[in-house]
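Mind folding the following:
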Amino acid sequence: MTTTHTTTATTTPQRREPARQVEFLRLVDFKWMMAGQGWWVDLTRLQRDPGYAGHCIASALTSDCHPLRSCATDLQACFS
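Modelled structure (predicted):
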């Protein structure tokens, strides 16, 4: 007796709300622009530690890089 088992593996990608996707992309942009200035940012801590986030944003606001300052201003509004 021969039995055949057919399994279908479907993987549904985790979907994020559009606003959360934009927020996440903004955080990633911020992280890499900060890295370009020589400042390392821990994204997990940035999202969970208001003091750390405030420090990172304050540092970014002192940068000569206009796109980084703009991103920091946007994030400051999100965290407030």
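
all contacts plus neighbour counts: C-alpha atoms, from now on.
Will do.

for this protein, longest helix please?
For the chain, the longest helix by residue count, based on DSSP state H, is helix 18-36.

For that helix, give the mean pLDDT please.
Helix 18-36 comes out with an average pLDDT of 86.

could you dump whatever helix or strand comes next after that helix to PDB, C-alpha only?
Going down the chain from helix 18-36, the next helix or strand is helix 43-48, by DSSP states H and E. Taking C-alpha atoms only, helix 43-48 is exported to PDB below (Å, rounded to 0.1, in the frame of the first residue of the first chain):
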ATOM      1  CA  LEU A  43      17.100  50.900  16.800                       C
ATOM      2  CA  THR A  44      15.500  48.600  19.400                       C
ATOM      3  CA  ARG A  45      16.700  50.900  22.200                       C
ATOM      4  CA  LEU A  46      15.700  54.000  20.200                       C
ATOM      5  CA  GLN A  47      12.100  52.700  20.100                       C
ATOM      6  CA  ARG A  48      11.900  51.600  23.800                       C
END
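
In the following helix or strand past helix 43-48, which residues are buried?
Downstream of helix 43-48, the next assigned helix or strand under DSSP H and E is helix 50-61. Burial within helix 50-61, assessed by neighbour count using 16 or more other C-alpha atoms under 10 Å, is assigned to Ala53, Gly54, Cys56, Ile57, Ala60, Leu61.

ok and helix 50-61 relative to helix 18-36, angle-wise?
Direction vectors for helix 50-61 and helix 18-36, defined by axes from the mean of the first three to the mean of the last three C-alpha atoms, to 10 degrees, enclose an angle of 60 degrees.
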